[in-house]
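Peer 1: structure, please.
(2 chains)
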Amino acid sequence: MIPISWFLIVAAALFCIGLYGVLARKNAIAILMGVELMLNAVNINLLAFWRYWGVERVSGPVFVVIVLATAAAEVAVGLALIISAYRRRNTIAADEIDLLKG
Amino acid sequence: MTPVQLIFILAAAVVLGAAVMVVSSEKMLHSAFWLIVSLFGVAVLFVLLQAGFFAVIQVVVYIGAIAILVIFAVMLTRRVMDESGPQLTRWWWLGALAALGVYGILVVVLRSWAGFTTPIAEIPAGGQDIVRLLGIALISPNGYVLPFEVASILLLAALVGSIFIAWEKR
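Peer 2: Prediction:
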């Protein structure tokens, strides 16, 4: 009923919307949200390929679990860095944090 | 149009519409809430892929932890006055062009792939429950115990590291 192409197109569109969010936003947290959208697109792709091309294999869901855990770890560390940078510079616009020295 | 197709189209519209609102909202808190909506839509897509376990994991981990973390960070880094300034960089149109270009390349490459229109196949009856198989695979030495342990250590490192980075030195 639903060919795999529908899922792949939706995942590709979500990935590109996340890519635009990463490239075009000033706020560092907005960039992180774009990265989260891209990771969700990857998860949709992984599960679509698992469902349509190898339901008996378990490597698809394992990959999704690892991607999910890595995304959680990355968001935690990224937000800690942003909060720390905000405390020092009082800004989180990505184009205003451009000097290496504190 | 079968009901499943209708649900898919609705869920996809929610996902993509909310994602567009995430990247184009003026206020950061609105972006965070639209992200939650988009993640709910992705959970519905997981259910349509008969991966209900991952739909629940998505809601619990992504929405219940990651999105809440993002809202915390937005609240902690609020600039009182210039919240509603221009939220786009100077070359945002280049970013839009790059995103459209990548999308075009992806669609062209996918369409030229022979398996693009694969219809859905029935899950073979009598196959084992995917959650059980996943659990066994994550802890079996012939399976994926090594990536599982590495991911655990990664989470521990991220936990300790982010506490240390965000620690307020008095």
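
Peer 1: for the rest of this, base every contact and every neighbour count on C-alpha atoms.
Peer 2: Noted.

Peer 1: ok, and the closest non-adjacent residue to the spatially most central residue of chain B?
Peer 2: Nearest residue to the geometric centre of chain B (CA atoms, centre = their mean): B:Leu39, 6.1 Å. Closest residue to B:Leu39 apart from its sequence neighbours, by CA to CA, 6 or more residues apart in numbering or on different chains: B:Ile63 at 6.8 Å.

Peer 1: next, the contact list for the one you found, please.
Peer 2: B:Ile36, B:Leu39, B:Phe40 (CA atoms under 8 Å, 6 or more residues apart in numbering or on different chains).

Peer 1: so the first one lies in a strand, does it not?
Peer 2: Read it as B:Ile36. No: counting by DSSP: H, G, I helix; E, B strand; the rest coil, B:Ile36 is not found in a strand; it is helix.

Peer 1: what is the neighbour count of it?
Peer 2: 23 (other CA atoms under 10 Å in any protein chain shown).

Peer 1: how about it: what's its closest non-neighbour residue?
Peer 2: B:Ile63 (6.0 Å).

Peer 1: would you mind measuring from the one you found to B:Phe40?
Peer 2: Distance of B:Ile63 to B:Phe40, computed by CA to CA, to the nearest Å: 8 Å.

Peer 1: just to revisit the earlier point, and which of the contacts of B:Ile63 is nearest to B:Asp129?
Peer 2: Among these, B:Phe40 lies closest to B:Asp129 (CA to CA), at 24.1 Å.

Peer 1: that closest one is in contact with B:Ile57, isn't it?
Peer 2: No: the criterion here is CA atoms under 8 Å, and B:Phe40 misses it with B:Ile57 at 11.2 Å.

Peer 1: between the two, which one's more packed in?
Peer 2: B:Phe40 (22 against 15).

Peer 1: that older thread, reformat the contacts of B:Ile63 as TSV; add pLDDT.
Peer 2: Listed next are the contacts of B:Ile63 as TSV, based on pLDDT from 0 to 100:
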residue	pLDDT
B:Ile36	97
B:Leu39	97
B:Phe40	97
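
Peer 1: how about the longest helix seen in chain A: buried residues?
Peer 2: When chain A is parsed with DSSP state H, its longest helix is helix A:59-89. Residues of helix A:59-89 classed as buried: A:59-86 (neighbour count, 16 or more other CA atoms under 10 Å in any protein chain shown).

Peer 1: what average pLDDT does that helix get?
Peer 2: What helix A:59-89 shows for mean pLDDT is 92.
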